[in-house]
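Q: one predicted model, sequence on top.
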Amino acid sequence: MGKKLTGRALALAGVLGSLGVALALLLLTRPQVEAPVRSGAGAKPAELVATVRSEPRSFNRLAARDRTSHLVSLLTQARLVRVDLDTQELTPGLAEAWTAAPDGLAYTLALRKDVRFSDGTPFTADDVLFTLRAVYDEGVGSPIAEALEVEGRPLTMEKLDSHTVVVRFPGSHGPGLRMLDALPILPRHRLEAALAAGTFRQAWGLATPPAELAGLGPFVLQAYRPGDRLVFARNPYYWRRGHLGQELPLLDRLTLVIVPDQNMEVLRLESGESDLMSAEVPPDDLTALRRAGEARVVVREVGVGLDADFLWFNLRPAFAAARPDRAWLQQRDLRRAISHAVDRAAFARTVYLGAGVPVYGPVTPGNKTWFDEGLPKPAHDVARARQLLAGIGLKDRDGDGLVEDPAGKPARFALLTQKGNSARERGAQFLQEELRGVGLGVDVVTLEQPALVERLTKGDYEAIYMGAQASDTDPVGNLDFWKSSGAFHVWNPGQARPGTAWEARIDDLMARQMAAQDLGERKRLFAEAQRVFAEELPAIHFVAPVVHVAHSVRVANARPALLQPAILWYAEGIGIK
């Protein structure tokens, strides 16, 4: 019989024994809200205004993976378990406790009782099984399905009673229940008909009236004005309590104002029109915000970011076949030459104004558990870069300082990046200058984010400088980037089988580290995967930013984290001073 584990009791169990586990359970299980109770009746409503850079693509997280849709889901939905983004510990959610089978392949979850959706409907095990069924439905094609698979196979769930489910893994899985943090539990009574009709993916689109939505999260969507704002009110049925037993959320209302322009977003915070930015502070705005800080704004350094922007080329076979005269774009030595050509220290100074550290792969020093200190660090070496370019036939044949291909055509490519993101625009321009120094021509093209995503999705590009948002510090949470079948394996996504031997090698290493139960073995295997990546360089990383967040002096209890959303991941606990 496995031990019952919940939140911090996971860490305490080995020290305190069975008595300690029971005590930890008693201390950590929070009282339930059995009926909507409004505290502070008659008081002025507690309201905060935050800004986001883009509109959500859907109110249905199972159908959209963009940053704002994810944030809406965090505010309005709840998970069975939750990764605390501040401590990275696994904590109870809708499952208040769980029992692990001795072989680690099954977990029995005890669901909280007397929990209701925001429309008053009781939450039961049926909602959990329904949500998992929707995730795996081929007609839905959910972007989070892959994050809830083990070796390409789905989890299974069995209902024991109305508030107990058994989760079974198809194979050994080192991170255990951690993956369930990706699964927002949706109301069966609201969405089952859409799933049966094959219209689930379209359900809860942006035209859906807010009154038709229901969730288990701390807030409910009250109003949505396209291109302007989303207004959230407190969920009167929210079940979680604070550490002191207080009713959550602490806010009565939270408004997300859509501000696509980065400069306007900062100006709103400086002037007091908004209280916090959902994303990190751009480096070029740090000085201005710190100057305003004494009276209105608090700026906080969180640490080295987990997400470094990177450059990659389109390595899809169809793209290469359509451009046989530009085969050099797919060459590994082109990518190696670029890595040597770029001065990362100067990149940090110029692009991030000193608030950044050089990096040489997708995992940054901010990820203390999984970062590999031994990763190769290519030196800034212009001569070596030119040598590598010459090796693939790119030479300065006419003495004009720029290299040409074997047919005598100038070697240049179009580099797409996100318009309105100053760090990305500046980064692309810096790369343009650095690569001119080794004879490569770069045409920087800035696009609004939706247009950029569309070009990426269609494979209609030569190269892109952008970034990926990590969903977890554990590499298993980012398999869609590492695995050849992954949707965010950006250089050649969604491969039916690995197109190269090195991608097959990484697939194998990722599968083995995911299955390993020993953390040391998982770290060893992932370090090897990082080294294969560094050898092949399908994506070239340069600098990771030092993350800063900012909020008004009115904001209380903020717990900023490196993962997004940096502050609003803990929205239910944020209050007003």
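A: Thanks, I have the structure now.
Q: okay, buried residues for the longest strand seen in the chain please.
A: Longest strand of the chain, by residue count under DSSP state E: strand 543-552. Counting neighbours by 16 or more other C-beta atoms under 10 Å, one finds that the buried residues in strand 543-552 are 543-552. (Each C-beta comes from the backbone N, C-alpha and C, glycine too.)
Q: wait, Leu248 touches Gly242, no?
A: Yes - assessed by C-beta atoms under 8 Å, Leu248 is found in contact with Gly242 at 5.5 Å.
Q: ok, back up a step: export the buried residues of strand 543-552 to a markdown table and tack on pLDDT?
A: Below are those laid out as a markdown table (pLDDT from 0 to 100):
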| residue | pLDDT |
| --- | --- |
| Val543 | 97 |
| Ala544 | 96 |
| Pro545 | 94 |
| Val546 | 95 |
| Val547 | 93 |
| His548 | 94 |
| Val549 | 93 |
| Ala550 | 93 |
| His551 | 94 |
| Ser552 | 93 |
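Q: redo those as JSON lines? Include distance to Pro283.
A: Formatted as JSON lines, the buried residues of strand 543-552 follow (distance: C-beta to C-beta, whole Å):
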{"residue": "Val543", "distance to Pro283": "10"}
{"residue": "Ala544", "distance to Pro283": "12"}
{"residue": "Pro545", "distance to Pro283": "7"}
{"residue": "Val546", "distance to Pro283": "8"}
{"residue": "Val547", "distance to Pro283": "10"}
{"residue": "His548", "distance to Pro283": "8"}
{"residue": "Val549", "distance to Pro283": "13"}
{"residue": "Ala550", "distance to Pro283": "12"}
{"residue": "His551", "distance to Pro283": "18"}
{"residue": "Ser552", "distance to Pro283": "20"}
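Q: between these, which is closest to Leu286?
A: For those, the residue nearest Leu286 by C-beta to C-beta is His548; the value is 6.0 Å.
Q: tell me the contacts of the closest one?
A: His548 sits next to 280-281, 283, 286, 299-302, 355 when contact means C-beta atoms under 8 Å, 6 or more residues apart in numbering.
Q: ok, now which ones touch the nearest residue to it once chain neighbours are set aside?
A: Distances taken as C-beta to C-beta, 6 or more residues apart in numbering put Val281 closest to His548, at 4.5 Å, once the chain neighbours are dropped. By C-beta under 8 Å, 6+ apart, Val281 lies in contact with 266, 289, 299, 548-550.
Q: swap in 10 Å and give it another go.
A: 262, 265-266, 269, 288-290, 297, 299-301, 355, 545, 547-550, 566 (C-beta atoms under 10 Å, 6 or more residues apart in numbering).
Q: measure it to Val476 for me?
A: Val281 is 30 Å from Val476, where distance means C-beta to C-beta, to the nearest Å.
Q: about what we covered before: the contacts of Val281 in helices, which ones?
A: 262, 265-266, 269, 288-290 (DSSP state H).
Q: follow-up on the earlier one: now do the phi/psi pair for the residue nearest to His548.
A: phi -80, psi 130 (degrees, to the nearest 10).
Q: again with the one 3 residues further on
A: In terms of degrees, to the nearest 10, the main-chain angles of Asp284 are phi -70, psi -10.
Q: and it, how far from Leu90?
A: Remark: distance between Asp284 and Leu90 (C-beta to C-beta) = 37 Å.
Q: likewise for Arg326?
A: Arg326 sits 47 Å away from Leu90, going by C-beta to C-beta.
Q: again with Gly499
A: In terms of C-beta to C-beta, Gly499 sits 35 Å off from Leu90.
Q: more neighbours: which of those two?
A: Of the pair Gly499 and Leu90, Leu90 is the one with more neighbours under other C-beta atoms under 10 Å, namely 23 against 14.
Q: in the sheet, who's paired with the more buried one?
A: Applying DSSP bridges to Leu90 gives these bridge partners: Val83.
Q: and for the one 5 residues further on?
A: When bridges are assigned using DSSP bridges, the partners listed for Ala95 are Leu111.
Q: how is this protein carved up into domains?
A: The chain is divided into the following domains under automatic domain parsing: 1-30, 310-546.
Q: what's the local residue count around the closest residue in space to Gly573 that isn't next to it in sequence?
A: Leaving aside its sequence neighbours, Gly573 sits nearest to Asn557 (C-beta to C-beta, 6+ apart; 5.2 Å). For Asn557, the tally of surrounding residues (other C-beta under 10 Å) stands at 13.
Q: same check, this time on the one 4 residues further on
A: Other residues within reach of Ala561, judged by other C-beta under 10 Å, total 21.
Q: try the one 3 residues further on
A: Using other C-beta under 10 Å, Gln564 has 22 other residues around it.
Q: surely it meets Ser278?
A: Yes - counting by C-beta atoms under 10 Å, Gln564 does reach Ser278; the two are 7.8 Å apart.
Q: find the residues that touch each one of these two.
A: Common neighbours of Gln564 and Ser278 (C-beta under 10 Å, 6+ apart) are 67, 71.
Q: for the stretch 251-400 of the chain, which residues score under the pLDDT cut-off?
A: For the stretch 251-400 of the chain, applying pLDDT under 70 flags the ranges 292-294.
Q: can you name the next helix or strand after the worst-scoring helix or strand of the chain on mean pLDDT?
A: Lowest on mean pLDDT, DSSP states H and E among the helices and strands of the chain sits helix 9-28, with a mean of 31. As assigned by DSSP states H and E, the chain's next helix or strand after helix 9-28 is strand 47-52.
Q: for whichever helix or strand comes after that following strand, enumerate the helices and strands it packs against.
A: Sequence order places helix 67-76 as the next helix or strand after strand 47-52, per DSSP H and E. Packing contacts for helix 67-76, counted by 3 or more C-beta pairs under 10 Å, 6 or more residues apart in numbering; DSSP states H and E, involve strand 47-52, strand 219-225, strand 229-234, strand 253-258.
Q: distance to Val532 added to those strands, as TSV?
A: Converted to TSV, those look like this (distance: least, C-beta to C-beta, whole Å):
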stretch	distance to Val532
strand 47-52	36
strand 219-225	43
strand 229-234	42
strand 253-258	40
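Q: right, so of those strands, which gets closest to Ala63?
A: Closest to Ala63 of the helices and strands packed on helix 67-76 is strand 219-225 (C-beta to C-beta; 15.8 Å).
Q: can you give me the strands in the stretch 51-200 of the chain?
A: 81-83, 90-92, 95-100, 106-111, 149-150, 153-154, 156-161, 164-168 (DSSP state E, counting those that start in this stretch).
Q: I'm done for today, thanks for sticking with me.
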